[in-house]
Structures are given as C-alpha cells and as structure tokens.
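Q: Okay, here's the prediction I keep looking at, along with the sequence it came from:
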Amino acid sequence: MDLVRTAIGLMSGTSMDGIDVALVRTDGRGFIERGPFLGRPYEPEFRERLKRALDLARPLHHRSERPAELRDIELELTLRHAIAVTAFLERFGLSADAVDVLGFHGQTVLHRPDEGLTIQIGDGGVLARRTGISVVYDMRANDMVHGGQGAPLVPAYHAALAGKFQQAGQAVCFVNIGGISNLTFIGTDGRIVAFDSGPGNTLIDQWVEMQTGRTYDPGGEIGGRGKVVTALADRYLQSPFFRGNVRRSLDRGDFAPLRSDEASLEDGARTLAHVAAASIVKSARFLPETPSTYVVCGGGRLNATLMAEFSAMAEGLGSRVLSAEEAGFDGDAMEAEAWAYLAVRSLDGLPLTFPGTTGVSAPVSGGVLATP
Ligand SMILES: Nc1ncnc2c1ncn2[C@@H]1O[C@H](COP(=O)(O)OP(=O)(O)OP(=O)(O)O)[C@@H](O)[C@H]1O
Ligand SMILES: CC(=O)N[C@H]1[C@@H]2OC[C@@H](O2)[C@@H](O)[C@@H]1O[C@H](C)C(=O)O
C-alpha cells in the first residue's frame, strides 16, 4: 500500500476574502479521508494590502521579482498563513508533529499564461520555519515551464473524488465558482478535461463593493431584486475568451469591472450573476459531452441568484445541478483540500497537471519543498 500522509492545504484565492485551511489524510492517489476545515477571513485593511500587491505586480516580468513593498506584503501574507495553521491545530486539538506537510497556494498576484508568467506570493521557507512543518509551495510554475496554462490545478483532486459518479456510469463536471470559475469534466472512462470557464464572483464583488462598501452580494439577494441588462451582459459574453479552440486560464483582471454609472445596484448585481452563470454554460460547450451532473463548489454556490440562473440553463440542456454538499462534499473546503492532496502528490513526484487540464505537453509534477 502507498504511504498515507496527513496534509493541510492552505488556499488564498482570487476573491482575496481570506485563508481556507483543510486537513486531508491521503496517499495522493485514490485514498482520501477528509478532515476538518477552517475559514479565516482577512480584515478589510489586509484585503486592501492584497489589492495593492496586484498593482505592484502588474509591471513585473519575472516570477521571482519582488519590489520592496511587495516583499513586505508577501511576508505579511505568509505570517497570516502561519497564524492560520496554529489556530487550526489548536481548534482541532492537533500537534504540528501530526502533520506531514502543508500545501501552500499563496496569493496569485499576476497570471499571464500567454507570456508564460504566473506569480504567487508566499514564502514557503518562512512558513516551514514558523510552523515547524514541511511546506510544498509554488505549485503552478513547473506546469508553465512545460507549456501549460499554470491553472487550473484542482482537477487532479476533483478526479480523485469522482469515483462514485464513474461507478454509476455518469459523466460529472465539477464547477468551482470562486473569483474566477473553472470546470473539471470526468468522463465515464476516467477522461479528465478541465479549464477556466470565465468570470465568477469577482465582477459581482467589485460591483457591490463599489456601490455599497459590502464585499459581496449575500445570498445573491441584491441581484435577486434586479433584472438582466442584456447589452451589458453581452459585452462580457461576447469576449473572444469564449471563442476559439484553445482554452486559456484567466487572471483576476482579465474582465473589466462595470463602471459605476452603468446600472442600478440591483440590475448590475443581477446582470453579473447572469454573466457568471452563462459563462459556465458557454465554456461547457468545449467539454467532450454534456455532463449528467454538475457539482458546484466555491463561494458562488451561495449566491442563490447565480445558482438559479445556472441551474435553469444547465437543466435546460439535460444536466442536473447539485451543490457540493448535495453530492457529499464540502464546497468551502474543496480547494484547500485539493492543495493538501497536491502537496502529497508533489512529495511522491506524481503529476499535478495533465494535457487535458492545463494543456501541458505531458503530465508533470510540480511544487517546491521547504523544510523547517
Ligand atoms: N453567503 C454568500 N452569498 C453569496 N456569495 C458568497 C457567499 N459567501 C461567499 N460568497 C462569494 O464567494 C466568494 C469566495 O469564494 P471562494 O472562497 O470559493 O473564492 P476563492 O477561493 O477566492 O476563488 P478562486 O477559486 O477563484 O481562487 C466571495 O468573494 C463571494 O463573492
Ligand atoms: C492563476 C490562479 O491562481 N488561478 C486560479 C483562479 O481561481 C479559479 C481559477 O482561476 C483557477 O484557474 C485557479 O485556481 C484554482 C484553485 C485552480 O488552480 O484549480
């Protein structure tokens, strides 16, 4: 039997809303035992620091470049992750010795796949020393070196969770609605096809924050009171991103926010929820077949307006739509769990990405190991 390790995954996603922490016991292959999860929101001041980091990263041309202020933010981010690990261990009565590895995503501050450039800030060495636990980090870079898009990486984990659908003879598609959305299709024969599918919550979050100061549309309630402004929706949905045969991965800044005078608060939120839902369906046309089931994860599944739109569109095409919880998973923990799983795969030199998931030339492993 392959070695089963205890791993903690740490995800700070494109929504920049906080750090997700999840524990998984796994052999990095078919054995997965999901443990506890903790979400640690960022305080508003630190979110502003991360937004500043995106601005500082925009002119960079090399993934190791760190202007002094960006280096400071990287250290602050890393220390917040160390505190999150300590809080997690305390909360669940675990000692650092019980954990074999941390899978550390860091924060994507720039992603330009066309230039072969992806930058995640987060210092694995500092995190390993602070926590006393080995850290695997920088998991996207090697994929890009080998011609991949550097994202998405979560599909290897989705595929490992898909066994029950395969046994039932069903093609399943995991939909992760985070800041950006991505899809993982797993066919009945185990074939994996994955790609970023379009804007997720970021446009909605930016709009609601601009208009109200709140950082998201709770439950999709604001959008639920509005109507779709077709001309604005079309501006997004007619993007060249949805055309052509090559799927490319997205940067948070690839779709420009609505301008403040373009719609009422409610109509803007409704229109952008529609855009998020329709983007998934548009991109799903590039899957090998219509999935029997969509399993929806990520914070966007909690936006009822977005979910109602997506469910109606997908069901109209013959698929059923389940939330991660309805399918027996945890939709908040999934990405952090994936980073735990990927860290174990990295330790064993197993591939993290495949030609069908990132367009990489051949299956490749990745990640950098830092020891305490
Ligand atoms: N109760 C809720 N109602 C509506 N939307 C919500 C709710 N909770 C979270 N969200 C949305 O989900 C977002 C966070 O989702 P998630 O944590 O999956 O994103 P992420 O991990 O940052 O993104 P990515 O997958 O792009 O890396 C929030 O920014 C918000 O837009
Ligand atoms: C470069 C980067 O950080 N991309 C993220 C982003 O957020 C969602 C989507 O775009 C996905 O491609 C990826 O994250 C997920 C967790 C992934 O790599 O699977």
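A: Sure, I can see it. Ligands and ions are numbered 1, 2, ... in the order given.

Q: switch to C-alpha atoms for all contacts and neighbour counts from now on
A: OK.

Q: Name the SS class of residue 13, please.
A: What DSSP: H, G, I helix; E, B strand; the rest coil gives for residue 13 is coil.

Q: please begin residue numbering at 244 from this point
A: All set: I'll call the first residue 244, so the last point we hit is now residue 256.

Q: So what sits opposite the closest residue to it other than its chain neighbours in the bridge?
A: The shortest distance from residue 256 to any non-neighbouring residue, by CA to CA, 6 or more residues apart in numbering, is to residue 350 (6.6 Å). Beta-bridge partners for residue 350, by DSSP bridges, are residue 364.

Q: What pLDDT is listed against residue 487?
A: Predicted confidence (pLDDT) for residue 487: 84.

Q: Contact residues of the stretch 294-443 of the chain facing ligand 2?
A: Contact residues (CA under 6 Å from any ligand atom) of the stretch 294-443 of the chain with ligand 2: 351, 354, 394-397, 421-425, 439.

Q: Surely residue 459 touches residue 453?
A: No. Between residue 459 and residue 453 there is no contact under CA atoms under 8 Å: 10.2 Å.

Q: Of those two, which one has the most company?
A: Taking other CA atoms under 10 Å, residue 459 and residue 453 do not tie; residue 459 has more neighbours (22 against 16).

Q: ok but the more buried one is inside a strand, no?
A: No. Checked against three-state DSSP, residue 459 lies outside a strand; its state is coil.

Q: List the contacts of it.
A: Going by CA atoms under 8 Å, 6 or more residues apart in numbering, residue 459 touches 447-449, 451-452.

Q: Are any of those buried, and if so which?
A: Those of the contacts of residue 459 that meet the buried threshold are 447-449, 451, by 16 or more other CA atoms under 10 Å.

Q: quick check, residue 325 in a strand?
A: No. Assignment of residue 325 by three-state DSSP gives helix, placing it outside any strand.

Q: Please name the residues that touch it.
A: Taking CA under 8 Å, 6+ apart, one finds 370, 373-374 in contact with residue 325.

Q: could the residues of the stretch 294-443 of the chain next to ligand 2 go into a markdown table alongside secondary structure?
A: Shown next, in a markdown table, are these (three-state DSSP):
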| residue | secondary structure |
| --- | --- |
| 351 | strand |
| 354 | strand |
| 394 | coil |
| 395 | coil |
| 396 | coil |
| 397 | coil |
| 421 | coil |
| 422 | coil |
| 423 | strand |
| 424 | strand |
| 425 | strand |
| 439 | strand |
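
Q: May I see those arranged in a markdown table, with pLDDT and distance to residue 298 as well?
A: Formatted as a markdown table, those follow (pLDDT from 0 to 100; distance: CA to CA, whole Å):
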| residue | pLDDT | distance to residue 298 |
| --- | --- | --- |
| 351 | 98 | 12 |
| 354 | 97 | 13 |
| 394 | 98 | 21 |
| 395 | 98 | 23 |
| 396 | 98 | 25 |
| 397 | 98 | 26 |
| 421 | 96 | 21 |
| 422 | 96 | 17 |
| 423 | 97 | 18 |
| 424 | 98 | 22 |
| 425 | 97 | 24 |
| 439 | 97 | 23 |
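
Q: near ligand 1, from these?
A: Among these, proximity to ligand 1 is found for 421-423 (CA under 6 Å from any ligand atom).

Q: hey, where'd the strands end up in the stretch 344-493 of the chain?
A: Secondary structure of the stretch 344-493 of the chain (DSSP state E, counting those that start in this stretch): strands located at 344-347, 350-355, 360-364, 378-380, 415-420, 423-429, 435-442.

Q: report the angle between the axes of the fifth one and strand 435-442?
A: Counting by axes from the mean of the first three to the mean of the last three CA atoms, to 10 degrees, strand 415-420 lies at 30 degrees to strand 435-442.

Q: Generate a markdown table for the strands of the stretch 344-493 of the chain, with mean neighbour count as supplementary columns.
A: Output for these, formatted as a markdown table (neighbours: other CA atoms under 10 Å):
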| stretch | mean neighbour count |
| --- | --- |
| strand 344-347 | 30 |
| strand 350-355 | 22 |
| strand 360-364 | 22 |
| strand 378-380 | 29 |
| strand 415-420 | 28 |
| strand 423-429 | 28 |
| strand 435-442 | 27 |
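
Q: What's the separation between residue 585 and ligand 2?
A: 11 Å (CA to the nearest ligand atom, to the nearest Å).

Q: Which of the helices or strands spans that residue?
A: helix 577-590 (DSSP states H and E).

Q: next SSE after that helix?
A: helix 598-601.

Q: packing partners for that next one?
A: Packed against helix 598-601 by the contact rule (3 or more CA pairs under 8 Å, 6 or more residues apart in numbering; DSSP states H and E) you find strand 435-442.

Q: Pull out the CA atoms of the strand it packs on and give them to me as CSV.
A: The C-alpha coordinates for strand 435-442 follow below in CSV (Å, rounded to 0.1, in the frame of the first residue of the first chain):
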residue,chain,number,x,y,z
ILE,A,435,-10.3,14.5,-17.5
VAL,A,436,-10.9,17.7,-19.3
ALA,A,437,-10.6,21.0,-17.4
PHE,A,438,-10.2,24.7,-17.9
ASP,A,439,-11.1,28.1,-16.6
SER,A,440,-14.6,28.9,-17.7
GLY,A,441,-14.9,32.6,-17.1
PRO,A,442,-15.7,35.3,-14.5
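
Q: what about stretch 260-279 and ligand 2, touching?
A: No. Using CA under 6 Å from any ligand atom, stretch 260-279 stays clear of ligand 2, coming no nearer than 11.3 Å.

Q: same question, stretch 470-485
A: No. Using CA under 6 Å from any ligand atom, stretch 470-485 stays clear of ligand 2, with a minimum separation of 13.7 Å.

Q: in that stretch, what's buried?
A: Here stretch 470-485 shows 471-472, 475-476, 479-480, 484-485 as buried, counting by 16+ other CA under 10 Å.
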